[in-house]
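> Here is the input, now give the coordinates:
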Amino acid sequence: MCRWIVYVGEQSLMLEDLLIRPDHSIVKQVSNRFLPGLYYGLEEDDKEELEKQATWINVHGFGVGWYTDTLTEFDPSVRGMQPAQFRTIAPISTDLAFEQLCAHTASSCTLAHIRDASFPPVVEVNNHPFIYGKYAFMHNGSVDGFRVIRFDVMKRIFDLQTKVQKYQYKSSVQDSNYIFGILGNTDTEHLATLYFAHLDIINAEQPYSGADSTDALLLALILTIADIHTIQFKHKVGPFTPGPDSEHVGNALNLCITDGGVQMIVSRWRDAKKGYPRSLYLSLTAGEKLNRKYFPVLPAPTDSEDVDNTDVKIDSVRELVARYEPTRQGRHVIVGSEPCTHYVQDWGLFDQNQCVTVNKARKLRIINLAKFFQHGREHEFKQYHFTEVLDEIAKKERSTISPKIGVPEHTIDLPESKSDAFETELDLDAPKK
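This next block holds a predicted model:
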């Protein structure tokens, strides 16, 4: 069970303050767990499954990405912030190079990931985050049956690659050669490559205006999951695995994609018929306590906070958003597999199959990702103007042999959401009431 954390904000944050100094930093999450509220209200079998996952340790590599505008000072062809990267398979808690990097680097967008490998080898190219131009991608979970479906996933990537190259679309990989750009053997890197092939095609069309600037990121995510489902349906793996013992079989896709250091999409996803996705938490205020400018010493949790009780209820993302007030750290969002501080009032727990986007204007959206894979999904595609995007892409498909890109073919039987599929938008600039 991998662990990851991402920070996106209008103010920079020292990497040391985000990744090392906190009382439950990503470095400590190699072997320690802090999962407040995760088991609250769960059935015993669901609780046991999550508890088993929490015993895994993350010793198979570490990676950090941070956005910087340094290149723009020296290369006029580069615009905006670009992701820099550090990856290692050395033990991260004793890596002196990593400590020095974090002690002297700050960024308004930072991602970090510790890896628990699904299968060997343990090499740096398998470490997250994966970088594609101005984008970064990381994942906690697994694509079910990847050993079986890997070849067909690569075929799908190649089909999309052929389209990008044929129409000379701007690409997030060198020479639009997505297949050649895959350096490792992880399910995540293949998933990421499939995702960015879709995103490049969507961005090339740009058929609609007035939509949220993260809609392209959202549509690419939907189409990527739909492709995986189509391939898994063919091989009868993943959520399409037959048999009475298959109800807990599915994909676990806790994903994070950042765009230019100012936009982001994250998901807590599992498409098995039963069970819950791996943990994911949101904070809109923890950045103030993390920033040494405001808190040279991290504050201790209050006496009322039962920080060690995984069965105690904490706020959902819905409740966290409802009581949001800006802090001195300004508009910012932190998402992590686990809270990086023990101050649980700063954190909310994602519901299953929730997706959060943050756009350039720091508007946050909470979206029920499941609705795009259930009955009535055609209506949702129209509501989000995705049908217009797909129609533009289809115009070229009618005149040539080209990969079909459209509404997901397969309906997925997902568990009912505890939060009534809550959705909302929040302007992080909203004044205090």
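> for the record, mean pLDDT for stretch 190-201?
Across stretch 190-201, pLDDT averages out at 97.
> Break down the stretch 301-433 of the chain into its strands, ranges please.
Secondary structure of the stretch 301-433 of the chain, counting by DSSP state E, counting those that start in this stretch: strands at 332-336, 348-349, 354-358, 363-368, 424-427.
> now those in JSON lines, with mean pLDDT, mean neighbour count and distance to residue 248?
Any C-beta I mention is one placed from the backbone N, CA and C, and that applies to glycine too. Shown next, in JSON lines, are the strands of the stretch 301-433 of the chain (pLDDT from 0 to 100; neighbours: other CB atoms under 10 Å; distance: least, CB to CB, whole Å):
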{"stretch": "strand 332-336", "mean pLDDT": "97", "mean neighbour count": "25", "distance to residue 248": "25"}
{"stretch": "strand 348-349", "mean pLDDT": "95", "mean neighbour count": "25", "distance to residue 248": "21"}
{"stretch": "strand 354-358", "mean pLDDT": "95", "mean neighbour count": "25", "distance to residue 248": "20"}
{"stretch": "strand 363-368", "mean pLDDT": "93", "mean neighbour count": "20", "distance to residue 248": "22"}
{"stretch": "strand 424-427", "mean pLDDT": "86", "mean neighbour count": "14", "distance to residue 248": "30"}
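> Let me have these in TSV, extended by distance to residue 392.
Shown next, in TSV, are the strands of the stretch 301-433 of the chain (distance: least, CB to CB, whole Å):
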stretch	distance to residue 392
strand 332-336	31
strand 348-349	37
strand 354-358	22
strand 363-368	22
strand 424-427	26
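> among these, which is nearest residue 177?
strand 354-358 (29.0 Å; CB to CB).
> Quickly run through the sheet partners of the closest one, with directions.
Strand 354-358 pairs in its sheet with strand 263-268 (antiparallel), strand 363-368 (antiparallel), by DSSP bridges.
> Below-threshold pLDDT in this protein: ranges please.
Applying pLDDT under 70 to the chain picks out residues 206-211, 302-309, 397-403, 416-421, 430-433.
> Nearest to residue 106, out of the strands paired with strand 354-358?
For the strands paired with strand 354-358, proximity to residue 106 was assessed by CB to CB; strand 263-268 is nearest, at 18.1 Å.
> between that closest one and strand 332-336, how many degrees?
Orientation check (axes from the mean of the first three to the mean of the last three CA atoms, to 10 degrees): strand 263-268 against strand 332-336 gives 30 degrees.
> just checking, next helix/strand downstream of strand 263-268?
strand 281-283 (DSSP states H and E).
> got the contact list for the helix or strand that that next one is followed by?
Where DSSP H and E defines the elements, the next helix or strand beyond strand 281-283 is helix 286-290. Counting by CB atoms under 8 Å, 6 or more residues apart in numbering, helix 286-290 makes contact with 7, 9, 11, 13, 17-18, 21-22, 294-295, 298-299, 327-329, 332, 334, 339-341, 343, 346-347, all of which sit outside it.
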